[in-house]
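> Quick check, what structure comes out for this input:
(one chain, ligands or ions: 1)
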Amino acid sequence: MKTIALIAHDRKKQEMLKFAQDHSEILMQYSLVATATTGRILNENTQLKVQPYLSGPMGGDLQIGARIAAQEIDLVIFLRDPLMAQPHEPDITALLRVCDVHNIPVATNEGCAHLLLKALAQMNG
Ligand SMILES: O=C(CO)COP(=O)(O)O
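Numbering: from 1, shown residues only. Prediction:
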């Protein structure tokens, strides 16, 4: 089963929750992973089953990055906050870099996330 990573910064978490609710029929066909707080919000407020890693500031982006490097993640939806500096900015840069190294599609805003998820669903038939 293909795997999607879902990650959202704090001021994007409500947007991620609404995105997941709106796209739950597609998302439930995939294995889902997330950073800790994003995953907890999705597990508590949707029917989706999301495997949580550590919180982003505690290394969760790097854990997911390692799975991307191992070719175990097929799509990354990372709703970043473009208006607030993050203490773990180097980890975020590393995650995005490893997506480019391994040619893994990554959406950093909801508009792109919608398009990529639809495309992935169509590719799967
Ligand atoms: O900081 C994050 C991504 O960089 C997200 O982590 P949380 O989902 O634990 O808030």
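
> is stretch 24-44 up against the ligand anywhere?
Yes - interface with the ligand: stretch 24-44 contributes 35-38 (CB under 6 Å from any ligand atom). In short, each C-beta sits where N, CA and C put it, glycine included.

> One more: stretch 101-114?
No - if you take CB under 6 Å from any ligand atom as the test, stretch 101-114 misses the ligand, and the best it gets is 11.1 Å.

> how far out from the middle of the chain is that stretch?
Computed by CA atoms, centre = their mean, to the nearest Å, the chain-centroid distance of stretch 101-114 equals 9 Å.

> got it, and stretch 46-58?
9 Å.

> So which bits of the protein are right by the ligand?
Residues of the chain found near the ligand (CB under 6 Å from any ligand atom) are 7, 9, 35-38, 55-57, 60-61, 92.

> Mind putting those into TSV with neighbour count, secondary structure and pLDDT?
As requested, the residues of the chain next to the ligand are exported to TSV (neighbours: other CB atoms under 10 Å; DSSP: H, G, I helix; E, B strand; the rest coil; pLDDT from 0 to 100):
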residue	neighbour count	secondary structure	pLDDT
I7	26	strand	98
H9	21	coil	98
T35	27	coil	98
A36	16	helix	98
T37	19	helix	98
T38	30	helix	98
S55	16	coil	98
G56	27	helix	98
P57	14	helix	97
G60	25	helix	98
D61	28	helix	98
I92	19	helix	98
